[in-house]
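Asker: Quick one: sequence plus predicted model below, questions after.
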Amino acid sequence: MTDRIVSWHPNPSKPKFTPPPGAVDAHCHVFGPMAQFPFSAKAKYLPEDAGPDKLFALRDYLGFSKNVIVQASCHGTDNSATLDAIAKSNGKARGVAVVDPAISEAELAKLHEGGMRGIRFNFLKRLVDDAPKDKFLEVSRRLPKGWHVVIYFEADILEELRPFMDAIPVPLVIDHMGRPDVTQGPDGADMRAFRALLDSRPDIHFKPTCPDRLDGTGDPWNAFAEAVAPLVADYSDRCIWGTDWPHPNMQDNTPDDGHLVDMIPRIAPTVELQRKLLIDNPNALYWAD
Ligand SMILES: O=C(O)/C=C(\CC(=O)C(=O)O)C(=O)O
């Protein structure tokens, strides 16, 4: 792996939709800068630098107030780059860490101090070498008060993960709705299975995010809008939204961030839904204290 990739749009358009004051971009990442924060030896992609300056400039350009920065797999379990970005945000960012499950309570407390409010378990084989459920469960029982677990998986392993998710003793947040095939429509098998998961406990949240990853029909991602709007309407207290910038691995199909923001009113058409999705729900998870 030698070539560093650029997975984000060089010149995103200004969205037509104006996010309400206080809106949170609750799923984004930073890459490096590599000279200061080298990538993991196990990284499956080697991106160009996409550090906090670029992230915060995009936040302001798109009209958001705050960020939740999710540790990306290219940084492994060294959360320094994400913590650095949070520290530079003037209180406008919090984060989700990826940890070695053997992490000590003292180290977890340090992550809390640095603005982390959850840990992420990634089950995508193309991104991580292993995902030990027993160790994940063990650490999920030792998290600081108020933390949650973010899980990233693809629809084909949802059923297999059900007992594992049932056993996690803190709230869950599911990245990109567990990557359903949105072209099946709002009542397709993948969406039905995801609804069954949401119905299984009241504290499972989700991100109705990444039309660019989930909708092969392409921008303007009509299949995504059609499949996801009913989910947001029916579970409006349980969804949070994010750009996914700098769009890891999307170098062959970089989405226009302005167009991603313009998906918001299509999946959350009322002011009340937009307030829950962009303000109330992410603040409850990340700025409760
Ligand atoms: O950024 C995302 O949510 C999705 C990713 C990357 C990722 O999760 C990671 O690198 O940790 C993907 O599907 O490649």
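Answerer: Sure thing, it's come through. Numbering: from 1, shown residues only.

Asker: Verify the contact between residue 3 and residue 45 for me.
Answerer: No: using C-beta atoms under 8 Å, residue 3 is not in contact with residue 45, being 10.0 Å away. Where C-beta positions appear, they are placed from N, C-alpha and C, glycine not excepted.

Asker: Who has more neighbours out of these two?
Answerer: Between residue 3 and residue 45, counting by other C-beta atoms under 10 Å, residue 45 is the more crowded of the two (19 against 8).

Asker: Which residues are in contact with that one?
Answerer: Neighbouring residues of residue 45 by C-beta atoms under 8 Å, 6 or more residues apart in numbering: 1, 5, 7, 74, 248-249.

Asker: filter the residues you listed by proximity to the ligand?
Answerer: 74, 248-249 (C-beta under 6 Å from any ligand atom).

Asker: Close to the ligand: what parts of the protein are there?
Answerer: 29, 72-74, 122, 127, 152, 175, 244, 248-249.

Asker: change it to 5 Å
Answerer: 72-73, 248-249 (C-beta under 5 Å from any ligand atom).

Asker: Of those residues, select the buried ones using a ChimeraX command.
Answerer: Burial among those is assessed by 16 or more other C-beta atoms under 10 Å; the matching ChimeraX selection reads:
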select :72,73,248,249
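
Asker: Can you tell me the closest non-neighbouring residue to residue 72?
Answerer: Take residue 72 and drop its neighbours on the chain: the residue closest to it by C-beta to C-beta, 6 or more residues apart in numbering is residue 29, 4.1 Å away.

Asker: Counting neighbours, what do you get for the one you found?
Answerer: Using other C-beta under 10 Å, the number of residues around residue 29 comes to 28.

Asker: Show me what the longest strand belonging to the chain is packed against.
Answerer: Identified as the longest strand of the chain according to DSSP state E is strand 116-122. In this structure, strand 116-122 makes packing contacts with helix 80-87, strand 93-97, helix 133-140, strand 148-152, helix 281-286, judged by 3 or more C-beta pairs under 8 Å, 6 or more residues apart in numbering; DSSP states H and E.
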